[in-house]
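Colleague: quick one, what's the 3D model for this:
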Amino acid sequence: MSGFYLKAPNAWKALRYLLLMAVLGPAMAGCGSIEYYAQAIHGHLDLVSKRRSFDRVLADPATPPALAERLRTIRALRKFAVTDLALPDNDSYLSYADIHRDFVVWNVFAAPEFSLEPHESCFLFVGCLTYRGYFSQSAAVDHARSLSADGLETYIGGVAAYSTLGWFADPVLNTMLRWDDERVHTVVLHELAHQKLYVKGDSEFNEAFATAVADEGYHRWQQHTGITGASTMLGQRDEQFIQLLLSARQELAALYARGSSLSAPQLRTLKGEAFARLRDRYGELRASWDGYAGYDDFMARDLNNAKLASIATYYALVPGFRAALDHVNGDLPRFYQWMDSLGGLDQERRHACVLAFTRAPADLSADCAVP
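Modeller: Model prediction:
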């Protein structure tokens, strides 16, 4: 759930890199356009201009008490992330910015009509991503329209958190504080996990790794602070909903694999039936939630291949990472070292290793095993 990533050794050098990309981008295969990099520069600088340190915000008498309390808690979480989770010790998420809108960026996902393989956008320094982020919703819509004109299905997801992979002091945003504490804290840990390990060009690995670390980190934070399990039911709903979507994705993947033996009209009919079954199954699942309707909007709009591809990016590999962490008895530094060692493998082999963790982690091949 990360925004547009910038990666460079320091702030001024990063801006020089971005300006270079804006000039040379069209001449580099897969590197986008002048307009895209220009909006990235403008959006980032606008965000930075609104950033204030926690100390300044807390010292301001105009700061609402509720906001002050939440920032104090995030600061305590930030310290815990360093001392107990071995996550980076820097200035990220120790400042606050009110950007006066609902989302910081809008990510555009796309996939072909009969495939769940996400359409990738490639950039300097971070490699290829399964989405493209825009600081302007209208720009995201325009990009989605251009992809649709090329025959791709699209999905636009608003993003409330922002990460530069640690190259800048990423702030806590007002967009994040619309959530409850559990989600805010989990997202902060997720983004810090990206700073701990990021494999260029592998969105699925990076997002699932960060999700697994954030889940484990929040569980330990609960134990550390004595937070009760009041949110357990919400967590169960999240898991059930994600599994519902991943199951539908598997069903559609099996259908698309039969594509050579079916005509396009036949595929469209069967695809429509599969999505109808997904909606029916969601209705059955929702009925067991005592009126909880938190996913109704997600299910009501743009239910297509691109949307399912976006879910897979974040969650398909998570069980493997959880199994790997269990295999090293929750030793996070050892886990980080192990996962970092996989970064040298090609993407297909890397994903195969992660999936293998759920089956027999004690019998892994040499390139997958704990170093």
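Colleague: host element of residue 243?
Modeller: helix 232-257 (DSSP states H and E).
Colleague: now do the strands in the stretch 101-250 of the chain.
Modeller: Counting by DSSP state E, counting those that start in this stretch, the stretch 101-250 of the chain has strands at residues 105-111, 121-123, 127-129, 132-134, 153-159, 172-173.
Colleague: which among those strands is found nearest to residue 259?
Modeller: The closest of the strands of the stretch 101-250 of the chain to residue 259 is strand 105-111. By CB to CB, the value is 13.9 Å. Using the backbone N, CA and C atoms, a C-beta is placed for each residue, glycine as well.
Colleague: in its sheet, which strands sit next to the closest one, and in what direction?
Modeller: Paired with strand 105-111 in the same sheet, following DSSP bridges, are strand 132-134 (antiparallel), strand 153-159 (antiparallel).
Colleague: and the contacts of that strand?
Modeller: Under the criterion CB atoms under 8 Å, 6 or more residues apart in numbering, residues 3-4, 43, 117-119, 130-137, 139-140, 143-144, 147, 152-159, 162, 304-310, 313 lie in contact with strand 105-111.
Colleague: show the average pLDDT along that strand.
Modeller: For strand 105-111, the mean pLDDT works out to 94.
Colleague: renumber starting at 161 from here on
Modeller: Sure thing, new numbering starts at 161, so read that last one as strand 265-271.
Colleague: buried set for that strand?
Modeller: Under the neighbour-count criterion of 16 or more other CB atoms under 10 Å, strand 265-271 has 265, 266, 267, 268, 269, 270, 271 buried.
Colleague: what's opposite the third one in the beta bridge?
Modeller: Taking DSSP bridges, one obtains residue 293, residue 317 as the residues bridged to residue 267.
Colleague: next, format the strands of the stretch 261-410 of the chain as CSV and append distance to residue 495.
Modeller: Below are those laid out as CSV (distance: least, CB to CB, whole Å):
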stretch, distance to residue 495
strand 265-271, 28
strand 281-283, 28
strand 287-289, 23
strand 292-294, 28
strand 313-319, 27
strand 332-333, 26
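Colleague: so where do the helices sit in the protein?
Modeller: 171-184, 194-209, 214-219, 225-243, 297-309, 341-356, 363-385, 392-417, 424-447, 456-460, 465-475, 478-487, 492-501, 507-517 (DSSP state H).
Colleague: highest mean neighbour count out of these?
Modeller: Highest mean neighbour count of those: helix 465-475, a mean of 24 (counted as mean count of other CB atoms under 10 Å).
Colleague: any idea of the pLDDT on residue 324?
Modeller: Reported pLDDT at residue 324 in the predicted model: 84.
Colleague: again, but for the one 10 residues further on
Modeller: pLDDT recorded at residue 334 is 97.
Colleague: is it true that it touches residue 264?
Modeller: No: if you go by CB atoms under 8 Å, residue 334 and residue 264 don't touch, sitting 9.4 Å apart.
Colleague: higher neighbour count, those two?
Modeller: Between residue 334 and residue 264, residue 264 has the larger neighbour count (other CB atoms under 10 Å), namely 23 against 18.
Colleague: how close does the residue nearest to the more buried one when sequence neighbours are not counted get to residue 458?
Modeller: In space, and not counting its chain neighbours, residue 264 is closest to residue 322: 4.7 Å by CB to CB, 6 or more residues apart in numbering. The gap separating residue 322 from residue 458 is 21 Å, by CB to CB, to the nearest Å.
Colleague: could you chop this protein up by domain?
Modeller: The chain breaks down into these domains under automatic domain parsing: 171-385, 392-475, 478-523.
Colleague: those into TSV, with extra columns for distance to residue 529?
Modeller: Below are the domains of the chain laid out as TSV (distance: least, CB to CB, whole Å):
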stretch	distance to residue 529
domain 171-385	17
domain 392-475	25
domain 478-523	8
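Colleague: which one of the ones you listed lies nearest to residue 530?
Modeller: Closest of these to residue 530 is domain 478-523, at 5.1 Å (criterion: CB to CB).
Colleague: I'd like the average pLDDT over the closest one.
Modeller: For domain 478-523, mean pLDDT is 92.
Colleague: check stretch 254-261 too.
Modeller: Mean predicted lDDT for stretch 254-261 stands at 96.
Colleague: end-to-end on it?
Modeller: Taking CA to CA, to the nearest Å, stretch 254-261 runs 20 Å from one end to the other.
Colleague: list the buried residues for it?
Modeller: Residues 254, 255, 256, 257, 259 are the ones in stretch 254-261 that count as buried (16+ other CB under 10 Å).
Colleague: go through the residues you listed and flag which are in strands.
Modeller: Per DSSP state E, strands hold the following members of the buried residues of stretch 254-261: 255, 256, 257.
Colleague: re the thing from before, for the strands paired with strand 265-271, which one sits closest to residue 230?
Modeller: Across the strands paired with strand 265-271, residue 230 has its closest neighbour in strand 313-319 (19.7 Å, CB to CB).
Colleague: export the closest one to CSV, keeping only CA atoms.
Modeller: C-alpha atoms of strand 313-319 as CSV (Å, rounded to 0.1, in the frame of the first residue of the first chain):
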residue,chain,number,x,y,z
GLU,A,313,-8.7,-3.6,-17.6
THR,A,314,-7.8,-1.0,-14.9
TYR,A,315,-8.3,-0.3,-11.3
ILE,A,316,-7.4,2.9,-9.4
GLY,A,317,-6.7,2.6,-5.7
GLY,A,318,-6.3,5.7,-3.5
VAL,A,319,-3.3,5.4,-1.2
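Colleague: what lies in contact with it?
Modeller: Contacts with strand 313-319, where a contact means CB under 8 Å, 6+ apart, come from 161-163, 262-273, 291, 293, 297, 300-301, 304, 307-308, 462, 464-467, 470.
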